[in-house]
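K.L.:
sequence and predicted structure below; questions after.
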Amino acid sequence: MFKKAFLLLLALTLTILTLTACNSTESELYAQQKQEEQSSQTEELDPAISPEPNNGTLPESEIEDNFLLEIGEATKETIAYKDTESVAVLVNKQNSLPADYVPSDLVYVDIPFTFSEKVEKRMMRKEAAEKLEELFVAAKEENVVLYGVSGYRSYQTQKSLFAYFVQRDGSEEKANQISARPGESEHQTGLAMDVSCQSVNFGLNENFGDTAEYAWLKDNAHHFGYIVRYQKGKEHITGYSYEPWHLRYVGVELATALYEQDLTYEEYLFLKI
Ligand SMILES: [Zn+2]
């Protein structure tokens, strides 16, 4: 009886410790990302998506050497990465959006989608939507035919889906391997769109990274203010698995800088130069 109670108490303590760790403070930025976390990170919600574990290429010690650890110590102070209204807003596992944050200028994006329902995932913030429409037109002119899969996702949608995965997989930790905690998905910004193409059956998986459509996107998206947010080999920095299908709007100037310097957004903001 006592043993049972002790074990229960131990389990409870461990759960609290885990939850505390998951809400790690900004000062723990990046340097604290451990190997086991690297295999458990994707923000996608479609149960069909099964991200492969990835290991980064940069040794952890090197990350600690190269990164500023305080969120207030960004090297690019002129970029409004903390402003939820800015298209440069940074959202990741260390920087979440408030539960009540809803972009004020959401519009339906006029591009082909892989589904027909008129639902929230067709939406993006106005500027991002217009530039994505331009991108799709330019791509098509070069015989690159893309489809939208998932854009805006509300906090509530994310919360419901995360709860579904917690129930299905038995713990928050396991659920977090395939689903973002509410507030930590870039899709809540209205600045992200998952895209795919016919040759991979309109799916969101790493095979998209081997398509001609992705090859075009990789080298042209920045002209329209978009970046491929979660790159291969940068998983330990972005906190997410390689997601060639996930486009994020940051504006042409910033997207071009990131593309030309071959940096993730986190590296651009926090790497010591
Ligand atoms: Zn995405």
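P.N.:
Looks like it arrived, so ask away. Residues are numbered from 1 along each chain as shown.

K.L.:
I'd like to know how far residue 158 sits from the ion.
P.N.:
Look at residue 158 and the ion: by CB to the ion, to the nearest Å, they are 11 Å apart. In short, each C-beta sits where N, CA and C put it, glycine included.

K.L.:
residues contacting residue 202?
P.N.:
114, 147, 149, 196 (CB atoms under 8 Å, 6 or more residues apart in numbering).

K.L.:
would it be right to say that the third one lies in a helix?
P.N.:
So that's residue 149. No. Secondary structure of residue 149 (DSSP: H, G, I helix; E, B strand; the rest coil): strand, not part of a helix.

K.L.:
and it, what's its pLDDT?
P.N.:
On pLDDT, residue 149 comes in at 97.

K.L.:
so what does the closest residue to it other than its chain neighbours look like in phi/psi?
P.N.:
Spatial nearest neighbour of residue 149, chain neighbours left out: residue 194 (4.3 Å); criterion: CB to CB, 6 or more residues apart in numbering. When read as degrees, to the nearest 10, the backbone of residue 194 gives phi -90, psi 130.

K.L.:
residue 160 now?
P.N.:
phi -60, psi -40.

K.L.:
how far away is residue 77 from the ion?
P.N.:
Per CB to the ion, residue 77 is found 28 Å from the ion.

K.L.:
scratch that, residue 157
P.N.:
Noted for residue 157: a distance of 13 Å to the ion, by CB to the ion.

K.L.:
mind checking the SS state of that residue?
P.N.:
Following three-state DSSP, we place residue 157 in the helix state.

K.L.:
going forward, the N-terminal residue is numbered 815.
P.N.:
Done: numbering now begins at 815, and the last item shifts to residue 971.

K.L.:
hmm, it is touching residue 937, no?
P.N.:
No. Between residue 971 and residue 937 there is no contact under CB atoms under 8 Å: 11.7 Å.

K.L.:
neighbour-wise, which of these two wins?
P.N.:
Using other CB atoms under 10 Å, the more surrounded residue of residue 971 and residue 937 is residue 937, with 22 against 18.

K.L.:
could you check the pLDDT of the closest residue to residue 1063 other than its chain neighbours?
P.N.:
Excluding the flanking residues, the one nearest residue 1063 by CB to CB, 6+ apart is residue 942, at 3.8 Å. Residue 942 is assigned a predicted lDDT (pLDDT) of 98.

K.L.:
what of the one 4 residues further on?
P.N.:
In this prediction, residue 946 carries a pLDDT score of 98.

K.L.:
SS state for it?
P.N.:
Applying three-state DSSP: residue 946 is helix.

K.L.:
residue 1038 is in contact with that one, correct?
P.N.:
Yes. Between residue 946 and residue 1038 a contact is recorded at 7.0 Å, counting by CB under 8 Å.
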